[in-house]
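> Pasted the sequence and its predicted model underneath.
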Amino acid sequence: MSDSARYSWLKDELASLDHAYYVLDEPILPDIEYDKLYRELLALEQLHPEWVTPDSPSQRVSGHVGDLFSEVKHVVPMLSLNNALEDKEAAAFDKRCRDGLNLTSVEYAAELKFDGLAVSLRYEKGLLTQAATRGDGYSGEDVTANIRTIKAIPLKLRGESLPDILDVRGEVFMTHKDFEALNQAAIAKSEKTFANPRNAAAGSLRQLDPKITAQRTLSFFAYGIGQCEPSSLIPKTHFELLNLYQSWGLPVCEHRAVVQSIDGLMNFYQGMGALRDQLPYDIDGVVYKVNSRDLQEDLGYVSRAPRFAVAHKYPAQEALTTVLGIDVQVGRTGAITPVARLSPVVVGGVTVTNATLHNEDEVRRKDIHIGDTVIVRRAGDVIPEVVSAIKDKRPPTATTFMMPIHCPICGSHIEKQVDEAVARCSGGLFCPAQRKQALLHFAQRRAMDIDGLGEKIVDQLVDLEIVRTPADLYRLGLMALANLDRMGEKSAENLLQAIHHSRKNTLARFIFALGIRHVGESTAKDLAKHFGSIDQVMSATEEEFLQVNDVGPVVAQSLVSFFSESHNREVIEQLLASGIELQVEQSSILPELLGKTFVLTGTLPTLSRDEAKAMLEKAGAKVAGSVSAKTHYVVAGEEAGSKLEKAQELGIAVLDEEQMLKLLQLK
């Protein structure tokens, strides 16, 4: 392709991208890809200035006035900023300013570059009368009705000496929290979701019905000025202007500073870069402006941007690449996560080869195919994710992802319940990916109560392949344990003793220890009482599980799925063969306490909270976590706090440990 043909293509392509970004609110390419094309166009125009025409993207502000809103003329144009993509370009900007002003050092106002939608707010004698989008920089769309729904924007400015006319320039954006809430609500209604907060803000602001905009939480920061009458009210520096805005009640970002020379600019850039991932909203760079307004006028403007300002961008957090394949990973709890294998691409300064697709529903919703060209996003230490597919670039050979039916790690069935987005491996006791989680759960105090079997010991036992399933714990010898890091002979003896003691346990604790999804302590107790033996539990049908107190279809299905997996049954049989003896706790219901609600607070003299709770539940009582009018008794120990105070306010009977034991007929 000749330079001339390439130039024509670039003009058309950039115009198409601008239309998608600014008019349709559906960006096709990441910003970094757009910037590459734009820079290529500028390079060709430098070589062939005679080719430049008024319709070139370099000669106007990107954007377009839509047909759905009335047009607003900007008295003072809303120009774009030139970009500095590398540190040396920021240094070149500083040199141009110093040379243009004939100064050895220049004072700058430094602030953040927000990723939202630029707007102009017109205030007349302090009252908001009109709001417009940037549009093409000279004319924008009238979005006054929608802007009025944004609570961050004052309808009336504070103060006495207000301009007769004031055009406030700023950015409408959406915070991460509000963006997530908006997309979750859309998913719940099976509606289209937004690709990113900027897209969501733009789409929300350009609604024909202001009621829809009002339902979406938008934010705003002021950062510039257009027309102002009388102009004498404009402060001498940009930094003072932002301070004045604050005094008038306009929201201004706190992350701003006055700095000197290139060193000051770079310190601000690096400091905000370190803070970037902690901000509650998206930024894609910082902005440097010559602080003095008089010096700004001296430097002037080029066709589409001021000479006195530049946007210093951070490495792109989004990039374009190709999906080579889609695999699945198995998490510690058995969750199956589709992961895209990508052609290597640098995102945010890091080479990315894999990105999460979250779950099967997300793959379908985003319509990601193997072979697609996709946008990948990475923010800080967050796992990279596939944002969307560029469907226009989908090759004929692209294939649809199919979720496997067997776990790639252990071969157990993968199952997904109707009310859940996440699919899971059903081999909880056997699956290597879930070993550590399964062992820690099995050994916890409320389960088999193996004191001393903590996370660091479990990590070593699994990593060294000494223990593969909970049944292997009962085959451990002294030397195997004593050779572990930070495990002496005495500690090993204590752990072996704890494992030995756990052999005599209750059926309820054993069922809970198995880690069956949706089966907590209470359900485990109900199952133990209803069936009386682990064999009966293992052989029960879904209909039989539904006969158990508080067991619904979801829990019943989970139980059947768990016990139908041969790997799980094999581990249970090995556990029983290792000498585990399971007892069913005898019922000792006290009719006078049946259904009564107790609340425990403070430290009891001889009993732990768990022991007291077990005693009360065994007698038929319920133990709640908070005091209410429905509470019958509060058992209070040392350092009882607000729960005791509330009980006294409500006139609820307060017992000490001895009185509780008498009520339980244990003393």
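In hand now; what should we look at? Numbers count the residues shown, from 1 in each chain.
> Mind giving me the packing neighbours of the least confident helix or strand in the chain by mean pLDDT?
The least trusted helix or strand in the chain, going by mean pLDDT, DSSP states H and E, turns out to be helix 210-214, with a mean of 83. Packed against helix 210-214 by the contact rule (3 or more CB pairs under 8 Å, 6 or more residues apart in numbering; DSSP states H and E) you find helix 144-147, helix 197-205. Glycine gets a C-beta too; all of them are placed from N, C-alpha and C.
> Give the buried residues for that helix.
Residues 213-214 are the ones in helix 210-214 that count as buried (16 or more other CB atoms under 10 Å).
> cool, stretch 567-579 as well?
Using 16+ other CB under 10 Å as the test for burial, stretch 567-579 gives 567-568, 571-572, 574-575.
> picking that back up, ranking the helices and strands packed on helix 210-214 by burial, who's on top?
Counting by mean count of other CB atoms under 10 Å, helix 197-205 has the highest mean neighbour count of the helices and strands packed on helix 210-214, with a mean of 24.
> hmm, who's touching that helix?
Applying CB atoms under 8 Å, 6 or more residues apart in numbering, the contact partners of helix 197-205 are 22, 25-27, 115-117, 119, 133, 143, 146-147, 172-176, 178-179, 182-183, 194, 212-213, 216, 218, 281-282.
> Spatially nearest residue to residue 625, not counting backbone neighbours?
residue 599 (7.3 Å; CB to CB, 6 or more residues apart in numbering).
> before we move on, what about residue 91?
Residue 91's closest residue in space is residue 262 (CB to CB, 6+ apart), at 5.2 Å.
> what are the phi and psi values for residue 289?
phi -130, psi 140 (degrees, to the nearest 10).
> and which of the buried residues of stretch 567-579 is nearest residue 503?
residue 575 (9.5 Å; CB to CB).
> Check the gap between the closest one and residue 287 for me.
Distance, residue 575 to residue 287, using CB to CB, to the nearest Å: 64 Å.
> And residue 140, by the same measure?
Applying CB to CB to residue 140 and residue 287 gives a distance of 20 Å.
> These two - which one has more neighbours?
residue 140 (25 against 20; other CB atoms under 10 Å).
> Which secondary structure element is home to the more buried one?
strand 139-141 (DSSP states H and E).
> Direction included, what does that strand pair against?
If you go by DSSP bridges, strand 139-141 pairs up with strand 71-73 (antiparallel).
> Starting from the very next helix or strand once past the partner strand, tell me which strands it pairs with and how they run.
Downstream of strand 71-73, the first helix or strand assigned by DSSP H and E is strand 83-84. Here strand 83-84 has these sheet partners by DSSP bridges: strand 309-313 (parallel).
> what pLDDT, on average, does the partner strand get?
When pLDDT is averaged along strand 309-313, the result is 95.
> Could you list the low-pLDDT ranges of the stretch 201-350 of the chain?
Within the stretch 201-350 of the chain, the stretches falling below the threshold (pLDDT under 70) are 303.
> got the buried residues for stretch 628-639?
631, 633-637.
> quick one: terminal-to-terminal distance for stretch 637-644?
In stretch 637-644, first residue to last residue: 10 Å (CA to CA, to the nearest Å).
> Run the chain-centre distance for that stretch.
Centre-to-centre, stretch 637-644 and its host chain are 37 Å apart (CA atoms, centre = their mean, to the nearest Å).
> Same question for stretch 404-418.
On CA atoms, centre = their mean, the centre of stretch 404-418 falls 26 Å from the chain's centre.
> low-scoring stretches of the protein, by residue?
19, 22-25, 55, 60-68, 303, 379-382, 585-587, 667.
> residues contacting the nearest residue to residue 656 once chain neighbours are set aside?
Distances taken as CB to CB, 6+ apart place residue 636 nearest to residue 656, at 6.6 Å, with adjacent residues excluded. Residue 636 makes contact with 601-602, 643-644, 647, 654-656 under the criterion CB under 8 Å, 6+ apart.
> what's around residue 120, how many residues?
25.
> wait, is it part of a strand?
Yes. Using DSSP: H, G, I helix; E, B strand; the rest coil, the assignment for residue 120 is a strand.
> That one touches residue 129, doesn't it?
No. The pair residue 120 / residue 129 is not scored as a contact, 11.7 Å apart, by CB atoms under 8 Å.
> Let's see the distance spanning stretch 78-95 from one end to the other.
Stretch 78-95 end-to-end distance (CA to CA) = 25 Å.
> quick revisit: report the separation between the residue nearest to residue 91 and residue 110.
12 Å.
> of these two, who's got more company?
residue 110 (24 against 21).
> out of everything not next to it in sequence, what's closest to the more buried one?
residue 268 (4.2 Å).
> how about that neighbour, secondary structure?
helix.
> same thing with residue 460?
helix.
> Run through the residues that contact the residue lying closest to it once chain neighbours are set aside.
In space, and not counting its chain neighbours, residue 460 is closest to residue 484: 4.9 Å by CB to CB, 6+ apart. Neighbouring residues of residue 484 by CB under 8 Å, 6+ apart: 457, 460-461, 464, 492.
> how about 10 Å then?
Each residue near residue 484 by CB atoms under 10 Å, 6 or more residues apart in numbering is listed here: 456-457, 459-461, 464, 466, 491-492, 495.
> Tell me the one of the residues you listed nearest residue 373?
residue 459 (40.3 Å).
> so that closest one makes contact with residue 437?
No. Taking contacts as CB atoms under 10 Å, residue 459 lies outside contact range of residue 437: 11.5 Å.
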